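A.B. asks: I'd like to go over a predicted model; first the sequence, then the structure.
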Amino acid sequence: MFIKRTTKRLKGKTYFNHLLVESVATDKGPRHRVVCSLGSLEPAPPKEWRALARRMEEALDEQQALLIDKPLAALPEPGREGFRARRPRVGADSGEFDLEGLEFEQCREAGPVHVGHQMWERLGLDQILSQAGLSDDAQLLSQLMTLNRLIAPRSELAMSEWIRRTALADIVQKDFSALNEDRLYRNLDKLYPRRSAIEAQLVERERTLFGLKETIYLYDLTSTYFEGQALANPKAMRGYSRDKRPDCKQVVVGLVLDSEGFPKAHEVFAGNRPDSTTVAEMLRALEKRTGKVPGATVVVDRGMADSENLAAIRSAGYHYLVAGQQVGRGLYQEQFEAEENWQEIEREPSPRNPSQKKVRVFVKAAQAGEGEQELIALCWSEGRTQKDRAIRQKQQGRLELELQKLQRRVKKGRLRDSAKIHQAIGRLKERYSRVARYYQISYVAQEAALLWQEDLSAKARAQELDGTYLLKSSRLDLGHEEMWRTYILLTRVESAFRGMKSPLMERPIFHHLERRVETHIFLCVLAYHLLVCIERAFLDAGIHTSWATLREQLSTHQVLTVRLPSPQRKASLTIRRDSKPEQVHRKIYKVLRMPERIIKPIQKWEADSH
């Protein structure tokens with residue numbers, strides 16, 4: 001920064017103004033950017049301007065170690081328009097700042113909310129919410145609640161305090177001192193009936209903005225649990241818990257993504273809803289959000305790959321690509337054993353899987369039904385082989401440990417009833433079904449002995465299938481590699497669920513009313529839209545990073561108030577502005593094509609209270 005004097009002639013008189021400016025790079029070359037106006041009085045002799053500008057830059061950049069050897073001249077009182085300052089009144093005295101009393105106040109985290117706000121505006125969400133019938137106030141509250149889920153998820157009870165601790169008030173120029181949880185709860189109720197319309201318009205906006213091609217739909221489900229009984233929510237049920245919380249009631253969330261990872265539709269189902277019963281309903285919801293896309297391919301996992309769902313996908317005008325049941329692998333084992341029939345595919349390394357793992361795929365046509373054919377692919381993955389063996393060894397160890405415990409109970413006479421012993425054996429077979437089929441377990445009542453023996457031949461046959469999985473598709477035009485690469489896109493839905501559950505903290509849910517539970521999940525989906533757009537920009541730039549990392553790096557970019565007391569004026573000059581972005585901040589903003597400066601500086605004089 002440096003001080004620059006400007007002159008202006010008006011009605012025969014010459015006026016001087018002193019500006020604190022900085023040099024910035026633009027597309028047209030270096031340019032001078034005004035930081036603030038210092039008025040018409042010379043702040044110091046010209047030979048001291050460079051040192052003076054350096055000290056003022058340090059003060060504005062929140063560097064408190066200011067070693068000043070000469071006092072700063074008093075600045076004239078600025079006006080209300082930020083950069084512009086009124087000329088001093090005739091006879092106004094110059095004074096000195098009390099640098100010992102220099103203070104920094106109201107420091108607020110600004111970087112993450114700046115990025116979230118800019119992405120919200122880029123997606124045109126205010127306009128989308130307005131078209132859905134929400135007022136300006138509801139649009140603002142919806143933005144605040146979505147950014148909270150994106151940056152530092154809180155309950156509605158704690159959300160208002162978080163908002164006041166950030167620079168959101170500076171960014172949107174609103175006062176949130178009176179914001180409370182009641183307004184946030186009421187806003188949930190306003191959003192609830194408009195969720196589908198908002199999601200449909202947002203999908204269309206992203207399709208246009210990013211040029212998305214909706215030829216592949218990836219569908220999967222997850223569960224999210226409640227704290228409390230949730231008696232007012234009929235969908236809150238106990239069921240298969242993917243969160244390892246079978247003790248809690250839950251709901252099941254279905255999510256459809258496109259091949260680029262952008263959300264297309266979501267639905268909330270009862271917590272005890274079987275996965276396979278959700279496909280037809282999800283297809284109807286998808287059609288409402290995106291319209292009919294004939295010929296698109298729907299990719300689902302084996303839990304939804306039964307014949308009824310495949311027929312539903314076909315009747316809706318889509319193709320399917322699904323994982324077949326594991327037991328079906330043995331039917332094709334002999335056909336796939338010939339080494340020359342396999343095509344080897346190199347899997348690209350990623351941050352989650354840095355090593356290159358080989359994948360082999362064999363594809364053949366098969367009869368799917370009356371007059372219909374499908375492609376069958378048996379895939380073998382080096383990484384999956386290691387995983388399958390590790391799981392088997394872990395389950396085998398646990399099964400044998402449980403059998404030993406049951407054996408001791410029987411031997412010591414703690415368990416004598418034959419029926420109960422057979423029930424205990426049945427429960428163990430059910431719990432460890434992956435490995436129990438390799439064991440012959442029996443109870444000899446006459447000897448009161450529990451016996452088991454490992455079936456080594458059955459185990460050897462299973463080991464031959466380690467790392468293999470079966471794929472089926474109604475598309476007959478798929479090659480080996482395309483079929484496999486299309487299926488593994490399904491991992492993007494798993495990644496989306498991880499993102500919603502970890503950084504966005506979808507779980508646990510503290511709401512008990514059904515409408516508020518579903519709107520809470522809707523806000524998580526909205527936040528995930530922002531997250532995908534942010535991470536997509538970095539992937540396009542060839543940078544593999546996560547929003548969680550970016551959020552942490554941005555947290556040090558702040559908005560603050562610098563207070564410079566002037567004893568002679570009995571007042572203080574306060575400057576409200578953002579701190580100078582660090583190099584890491586500038587890199588992030590450059591990738592996201594966002595302005596580095598968060599707010600325009602605002603300066604004013606305030607009378608001292610003492």
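C.D. replies: All right, it came through fine.
A.B. asks: for the stretch 201-350 of the chain, which spans come out with low pLDDT?
C.D. replies: By pLDDT under 70, the low-scoring segments of the stretch 201-350 of the chain are 326-342, 346-350.
A.B. asks: apologies, that question was intended for the chain.
C.D. replies: Across the chain, the ranges flagged by pLDDT under 70 are 27, 29, 41, 58-96, 326-342, 346-357, 362, 365-371, 501-507, 609-610.
A.B. asks: max-length helix in it?
C.D. replies: helix 382-411 (DSSP state H).
A.B. asks: after that helix, which helix or strand is next?
C.D. replies: Moving toward the C-terminus from helix 382-411, the next helix or strand (DSSP states H and E) is helix 418-431.
A.B. asks: what lies in contact with that following helix?
C.D. replies: Applying CB atoms under 8 Å, 6 or more residues apart in numbering, the contact partners of helix 418-431 are Leu399, Glu402, Leu403, Leu406, Val410, Leu415, Ala436, Ile441, Tyr443, Ala445, Leu450. All C-beta atoms are positioned from the backbone trio N, CA, C, and that covers glycine.
A.B. asks: which two of those residues have the greatest separation?
C.D. replies: Spanning the widest gap among the contacts of helix 418-431 are Leu399 and Ala445, at 22.3 Å by CB to CB.
A.B. asks: can you give me the helices for the stretch 151-300 of the chain?
C.D. replies: Using DSSP state H, counting those that start in this stretch, the helices of the stretch 151-300 of the chain run over residues 156-164, 168-172, 181-191, 195-210, 279-290.
A.B. asks: Gly111: which of the ones you listed is closest?
C.D. replies: Nearest of the helices of the stretch 151-300 of the chain to Gly111, taken as CB to CB: helix 168-172 at 11.1 Å.
A.B. asks: count the neighbours of the residue nearest to Leu286 when sequence neighbours are not counted for me.
C.D. replies: Excluding its sequence neighbours, the residue lying closest to Leu286 (CB to CB, 6 or more residues apart in numbering) is Ala265, at 4.6 Å. Here the number of neighbours of Ala265 (other CB atoms under 10 Å) works out to 24.
A.B. asks: ok, for Arg563, nearest residue in space, not its chain neighbours?
C.D. replies: Using CB to CB, 6+ apart and skipping the chain neighbours, the partner closest in space to Arg563 is Glu103 (4.4 Å).
A.B. asks: the one you found contacts Leu560, correct?
C.D. replies: No. Between Glu103 and Leu560 there is no contact under CB atoms under 8 Å: 10.1 Å.
A.B. asks: mind checking which of those two has more residues around it?
C.D. replies: Leu560 (21 against 12).
A.B. asks: who's that one bridged to?
C.D. replies: Arg577 (DSSP bridges).
A.B. asks: list the contacts of it.
C.D. replies: Contacts of Leu560 by CB under 8 Å, 6+ apart are Glu62, Phe104, Glu105, Gln106, Cys107, Arg108, Arg576, Arg577, Asp578, Ser579.
A.B. asks: quick revisit: overlap in contacts, Glu103 and Leu560.
C.D. replies: By CB under 8 Å, 6+ apart, no residue touches both Glu103 and Leu560.
A.B. asks: per-domain residue ranges of the chain.
C.D. replies: Domains of the chain are assigned by automatic domain parsing as 2-97, 112-194, 325-473.
A.B. asks: before we move on, the earlier item: neighbour count: Leu399 and Ala445, which is higher?
C.D. replies: More crowded of Leu399 and Ala445, by other CB under 10 Å: Leu399, with 22 against 9.
A.B. asks: what about the residue nearest to Leu286, distance to Met282?
C.D. replies: 7 Å (CB to CB, to the nearest Å).
A.B. asks: give me the common contacts of those two.
C.D. replies: Counting by CB under 8 Å, 6+ apart, the shared contacts of Ala265 and Met282 are Val256.
A.B. asks: could I get the contacting residues of Ala527?
C.D. replies: Thr146, Leu147, Arg149, Leu150, Met500, Leu504.
A.B. asks: is it true that it lies in a helix?
C.D. replies: Yes. Per DSSP: H, G, I helix; E, B strand; the rest coil, Ala527 lies within a helix segment.
A.B. asks: other SSEs contacting the biggest strand by length in the chain?
C.D. replies: Longest among the strand segments of the chain by residue count, using DSSP state E, is strand 13-26. Packing partners of strand 13-26 (3 or more CB pairs under 8 Å, 6 or more residues apart in numbering; DSSP states H and E): strand 2-10, strand 29-39, helix 49-60.
A.B. asks: gap between Leu102 and Ile575?
C.D. replies: 11 Å.
A.B. asks: for the closest residue to Cys248 other than its chain neighbours, grab the count of nearby residues.
C.D. replies: In space, and not counting its chain neighbours, Cys248 is closest to Tyr225: 3.9 Å by CB to CB, 6+ apart. Counted with other CB under 10 Å, the neighbours of Tyr225 add up to 22.
A.B. asks: so Tyr225 sits against Phe510, correct?
C.D. replies: No. In this structure, Tyr225 is not within contact of Phe510 by CB under 8 Å, at 10.9 Å.
A.B. asks: what is the burial count for Arg492?
C.D. replies: 19.
A.B. asks: could you find the closest non-adjacent residue to it?
C.D. replies: Gly261 (4.7 Å).
A.B. asks: got a list of what that neighbour touches?
C.D. replies: By CB under 8 Å, 6+ apart, the contact set of Gly261 is Arg492, Ser495, Ala496, Val532, Arg536.
A.B. asks: give me the buried subset of the residues you listed.
C.D. replies: Listed as buried from those are Arg492, Ala496, Val532; burial here means 16 or more other CB atoms under 10 Å.
A.B. asks: so the second one sits in a helix?
C.D. replies: Yes. With the criterion set as three-state DSSP, the secondary structure at Ala496 is a helix.
A.B. asks: neighbour-wise, which of the contacts of Leu560 leads?
C.D. replies: With neighbours defined as other CB under 10 Å, the most crowded of these is Asp578; it has 25 neighbours.
A.B. asks: need the contact list for it.
C.D. replies: With CB under 8 Å, 6+ apart as the criterion, the residues that contact Asp578 are Ala110, Ala167, His557, Gln558, Val559, Leu560, Arg597, Ile598, Ile599.
A.B. asks: relative to strand 29-39, how tilted is the longest strand of the chain?
C.D. replies: Angle of strand 13-26 versus strand 29-39, following axes from the mean of the first three to the mean of the last three CA atoms, to 10 degrees, is 140 degrees.
A.B. asks: list the buried ones in strand 13-26?
C.D. replies: Buried residues in strand 13-26 (16+ other CB under 10 Å): Asn17, His18, Leu19, Leu20, Val21.
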